[in-house]
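Q: here are the coordinates; sequence isn't available:
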């Protein structure tokens, strides 16, 4: 089953509150995780996103489309990276998410990717 | 390089036999598989140009063995001694037939100690003879990911020292159950999933059918193997009628029956008819029998629901579970009216196993619609649409619900 593991956060806060050492360690951690998931035959894709402060949001208002600055969600933290993994079940997807959260302390949302379950 | 279709069929038929024989003689699944791959490649080139040799299996076995020995020679002497010792231990004293070697290979790939994704990938590769790229395509993952998955499965095979053998009678029924389940999952992966390129997915159902046929040839006396093959034939027969050109789902009752594959239905019905009664009945045989009743009905209205209800009753007795109850509720509704079906569905509301299953609400919606309670039906359709993880199903349920609004 495929899952999207979405990491939430904000680059500015991270830069203000974390040490250089931590950031280097975090980058290594992410590289290692990608490598491990690839070796396990579980990685479908993974990307880091530019900070949410650079996001543009397109909405439909008063009969036409409108482009505004900033991420769609009201909260300060938006998606800053994601993994798409193909794993045996939800339990494993959550295990991956917990592994990341234990390191970053930031929230992660785990969503199943639409697919068809067996019929019978 | 192009391989003509005849050569390709022949190679795919021989590949598991040759691999099974080689692994049984020498152990070392990994090295043997590499050697067989090289032999197949050589054969594809040579046979397409010059035709197949008189004894194609011996040809492949000879070439693969030679490659295996070459590979061992190039390694260090110390390693070679260890491997030779290991190979000697693993060599069984008596030669066995091609039939046993293919079977043993299939049981090895479907060993319960491997994860389900590994079982699927290994079976398709070692027994089905698909390339890693083809398997990756079918499961919509990058080729490197699938290559890693297969290589990890091989490592864990090596680490646990999985035996290549047809399991002894005491374990046979359980182990066969896993093999059947793997083939069933491969089929479903192709049949139920409509995401991704449709042709690739259809390839998986074809492959599952081919492997089920092979298994049935190898174990003609196993009633559940025949049951699975019949079930796959009878289900796959409806494939063309099951989706519109745009990929949207068509429910069984609304399918154009002239699009069903009559020859495949005939084959499936004949197979299940001759199998039932030869051994204690099992869940695959019962599901095949139910599929046969559907497939034999000239129209949805003429479906023999009495018989389907009786078959679900037996299925529920030998393998009870919420999904079986759910299906029986549909049959009850068709025989005794939608309210009776809804009452049976109600018994599943407290079943934890159904909490996240959209099918409970989907069936409820359908029965409420039949009962004429349209507002409640609409709500149930929309609840089911939110819960399903299948894109085509979500579209179908949302449209069905919206249409009642």
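A: Done, it's in. From a predicted model like this one, the values you see are computed outputs, not experimental measurements. Numbering: from 1, shown residues only, chains lettered A, B, ... in the order given.
Q: CA atoms for contacts and neighbours, from now on please.
A: Will do.
Q: Spell out which residues belonging to chain B are near chain A, please.
A: B:115-117, B:141-142, B:144-150, B:152, B:185, B:188-189, B:192-195, B:323, B:389-393 (C-alpha under 8 Å from any C-alpha of the partner chain).
Q: Mind checking which of those residues are buried?
A: B:116-117, B:141-142, B:144-150, B:152, B:185, B:188-189, B:192-195, B:323, B:389-393 (16 or more other C-alpha atoms under 10 Å in any protein chain shown).
Q: quick one: which of these sit in helices?
A: Secondary structure from DSSP state H places B:116-117, B:144-150, B:152, B:185, B:188-189, B:323, B:391-393 of those in helices.
Q: so where's chain B uncertain?
A: Applying pLDDT under 70 to chain B flags residues B:1-3, B:75-98, B:192-202.
Q: again, but for chain A
A: A:116-120.
Q: and the longest helix for it?
A: Every helix in chain A considered (DSSP H), the longest is helix A:20-39.
Q: ok, the helix or strand just after that helix near chain B or not?
A: Per DSSP states H and E, the first helix or strand lying C-terminal to helix A:20-39 is strand A:43-48. Yes - residues of strand A:43-48 contacting chain B under C-alpha under 8 Å from any C-alpha: A:43, A:44.
Q: Which residues belonging to strand A:43-48 are considered buried?
A: A:43, A:44, A:45.
Q: Surely the second one is in contact with residue A:113?
A: Same thing as residue A:44. No - using C-alpha atoms under 8 Å, residue A:44 is not in contact with residue A:113, being 11.8 Å away.
Q: So residue A:94 lies in a helix, does it not?
A: Yes - using DSSP: H, G, I helix; E, B strand; the rest coil, the assignment for residue A:94 is a helix.
Q: what number of residues lie near it?
A: 17 (other C-alpha atoms under 10 Å in any protein chain shown).
Q: how about the closest residue to it other than its chain neighbours, what does it touch?
A: With C-alpha to C-alpha, 6 or more residues apart in numbering or on different chains as the criterion, residue A:94 has its nearest non-adjacent residue at 7.1 Å, and that residue is residue A:110. By C-alpha atoms under 8 Å, 6 or more residues apart in numbering or on different chains, the contact set of residue A:110 is A:3, A:4, A:5, A:6, A:93, A:94, A:97.
Q: ok, the residues you listed vs chain B, which is closest?
A: residue A:3 (10.9 Å; C-alpha to the nearest C-alpha).
Q: just so I have it, where are all the strands in chain A?
A: Here chain A has its strands, by DSSP state E, at A:2-9, A:43-48, A:56-61, A:64-69, A:78-86, A:108-112.
Q: Quick one: residues in contact with the second one.
A: I take that to be strand A:43-48. With C-alpha under 8 Å, 6+ apart, strand A:43-48 has contacts from A:34, A:37, A:80, A:81, A:82, A:83, A:84, A:85, A:86, B:141, B:142, B:145.
Q: Mind doing that once more with 7 Å?
A: Outside strand A:43-48, the residues within contact range by C-alpha atoms under 7 Å, 6 or more residues apart in numbering or on different chains are A:37, A:80, A:81, A:82, A:83, A:84, A:85, A:86, B:141, B:142, B:145.
Q: chain center to that strand, what's the gap?
A: 9 Å (C-alpha atoms, centre = their mean, to the nearest Å).
Q: Show me what it pairs with in its sheet, parallel or antiparallel.
A: strand A:78-86 (antiparallel) (DSSP bridges).
Q: Between helix A:20-39 and the partner strand, find me the angle.
A: 30 degrees (axes from the mean of the first three to the mean of the last three C-alpha atoms, to 10 degrees).
Q: List the buried residues of the helix or strand containing residue B:370.
A: For residue B:370, the enclosing helix or strand under DSSP H and E is helix B:358-371. Across helix B:358-371, burial judged by 16+ other C-alpha under 10 Å covers B:358-370.
Q: which parts of stretch B:266-285 are buried?
A: B:266, B:268-269, B:271-273, B:275-276, B:281-285.
Q: taking those residues one by one, which sit in helices?
A: Using DSSP H, those in helices are B:266, B:268, B:269, B:271, B:272, B:273, B:275, B:283, B:284, B:285.
Q: Distance check, the last one against residue B:209.
A: This points to residue B:285. 16 Å (C-alpha to C-alpha, to the nearest Å).
Q: What's the local residue count around the nearest residue to residue B:30 once chain neighbours are set aside?
A: Excluding its sequence neighbours, the residue lying closest to residue B:30 (C-alpha to C-alpha, 6+ apart) is residue B:154, at 6.3 Å. Neighbourhood size, residue B:154 [other C-alpha under 10 Å]: 20.
Q: Pretty sure residue B:154 sits in a strand.
A: No - Residue B:154: not assigned to a strand; according to three-state DSSP it is helix.
Q: Tell me which residue in the stretch 251-400 of chain B sits closest to chain A.
A: Counting by C-alpha to the nearest C-alpha, the stretch 251-400 of chain B gets nearest chain A through residue B:390, at 4.1 Å.
Q: What does that residue show for phi and psi?
A: phi -100, psi 120 (degrees, to the nearest 10).
Q: surely it meets residue A:113?
A: No - using C-alpha atoms under 7 Å, residue B:390 is not in contact with residue A:113; the gap is 8.6 Å.
Q: Quick one: residues contacting residue B:251.
A: Neighbouring residues of residue B:251 by C-alpha under 7 Å, 6+ apart: residue B:242.
Q: just to revisit the earlier point, identify, from the contacts of strand A:43-48, the entry nearest to residue B:15.
A: Closest approach between the contacts of strand A:43-48 and residue B:15, by C-alpha to C-alpha: residue B:145, at 23.7 Å.
Q: residues touching the residue nearest to that closest one when sequence neighbours are not counted, list them.
A: Nearest non-adjacent residue to residue B:145, counting by C-alpha to C-alpha, 6+ apart: residue A:41, 4.4 Å away. The contact partners of residue A:41, taken as C-alpha under 7 Å, 6+ apart, are B:145, B:146, B:148, B:149.
Q: go again using 10 Å as the cut-off
A: Listed by C-alpha atoms under 10 Å, 6 or more residues apart in numbering or on different chains, the contact set of residue A:41 reads A:35, A:85-87, B:117-118, B:141-153.
Q: What of residue A:77?
A: Contacts of residue A:77 (C-alpha under 10 Å, 6+ apart): A:7, A:8, A:9, A:10, A:11, A:13, A:51, A:52, A:53, A:71, A:106, A:107.
Q: Hmm, residue B:305 is touching residue B:327, no?
A: No - the criterion here is C-alpha atoms under 10 Å, and residue B:305 misses it with residue B:327 at 11.7 Å.
Q: quick one on the thing from earlier: so what sits against both of residue A:44 and residue A:113?
A: With C-alpha under 10 Å, 6+ apart, residue A:44 and residue A:113 have common neighbours A:2, A:3, A:4, A:84, A:85, A:86.
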